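Structure for this input, please:
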Amino acid sequence: MTKTRVPAVEGWFTSDPDRPALLGQRCAACGTYVFPPRDRSWCPNPGCAGRQLDEVELSRRGTVWSYTDARYQPPLPYVVPGAEHRPFALAAVELAAEGLVVMGQVVPGVSVDDLAVGAPVELVVDTLYEDDEHTYLVWKWAPVAGGGGA
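Numbers count the residues shown, from 1 in each chain. I've put the predicted structure just below:
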């Protein structure tokens, strides 16, 4: 049986494996970017009275702003893929064009020892976990080949 690939969080990213993108919003009045998307219809910039937030795809590449590892079992609603928790790296990635920092897991096989502040990374879609019918997808950050650190 083929499992259906579905996003673990609906509406936050596209799941095209060749060109994934985070879905954010941009204020039509001042240009402030927002991630994750919000249901509210006003700009989060306190200096702006804008009330129109348009959906936009955010940059697919950024630089590591900070990083850590998750050596502990995260609380619910996180679902542990498999029988036991396996430590993984987390990165806060700066999207310079948008002025945002977005958190996300780093792809399997990359640990904190492989990361550096300022290192270039790109967005990928990967499996968070599976059940009998579905493969649940999430965005992750992957080092850019040959990108080096800062």
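
need the contact list for residue 44.
32, 34, 38 (CB atoms under 8 Å, 6 or more residues apart in numbering). In this view, the C-beta of every residue, glycine as well, is placed from N, C-alpha and C.

okay, those in a markdown table with distance to residue 62 and neighbour count next?
What follows is these, written out as a markdown table (distance: CB to CB, whole Å; neighbours: other CB atoms under 10 Å):
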| residue | distance to residue 62 | neighbour count |
| --- | --- | --- |
| 32 | 18 | 19 |
| 34 | 16 | 20 |
| 38 | 21 | 12 |
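
can you redo those residues as CSV with pLDDT, secondary structure and distance to residue 69?
Listed next are the contacts of residue 44 as CSV, based on pLDDT from 0 to 100; DSSP: H, G, I helix; E, B strand; the rest coil; distance: CB to CB, whole Å:
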residue, pLDDT, secondary structure, distance to residue 69
32, 96, coil, 32
34, 95, strand, 28
38, 86, coil, 29
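
In a markdown table, list those along with distance to residue 65.
Formatted as a markdown table, the contacts of residue 44 follow (distance: CB to CB, whole Å):
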| residue | distance to residue 65 |
| --- | --- |
| 32 | 19 |
| 34 | 18 |
| 38 | 22 |
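
Could you confirm residue 113 falls within a helix?
Yes: Residue 113 sits within a helix when classified using DSSP: H, G, I helix; E, B strand; the rest coil.

Strands of this structure, start to end?
Secondary structure of the chain by DSSP state E: the strands cover 4-7, 23-27, 33-34, 53-57, 61-70, 88-95, 100-106, 120-130, 134-143.

mind putting the ones you listed in JSON lines, distance to residue 45 included?
Shown next, in JSON lines, are the strands of the chain (distance: least, CB to CB, whole Å):
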{"stretch": "strand 4-7", "distance to residue 45": "28"}
{"stretch": "strand 23-27", "distance to residue 45": "7"}
{"stretch": "strand 33-34", "distance to residue 45": "9"}
{"stretch": "strand 53-57", "distance to residue 45": "11"}
{"stretch": "strand 61-70", "distance to residue 45": "20"}
{"stretch": "strand 88-95", "distance to residue 45": "17"}
{"stretch": "strand 100-106", "distance to residue 45": "13"}
{"stretch": "strand 120-130", "distance to residue 45": "25"}
{"stretch": "strand 134-143", "distance to residue 45": "25"}
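
Quick one, which of those strands gets closest to residue 43.
strand 23-27 (4.1 Å; CB to CB).
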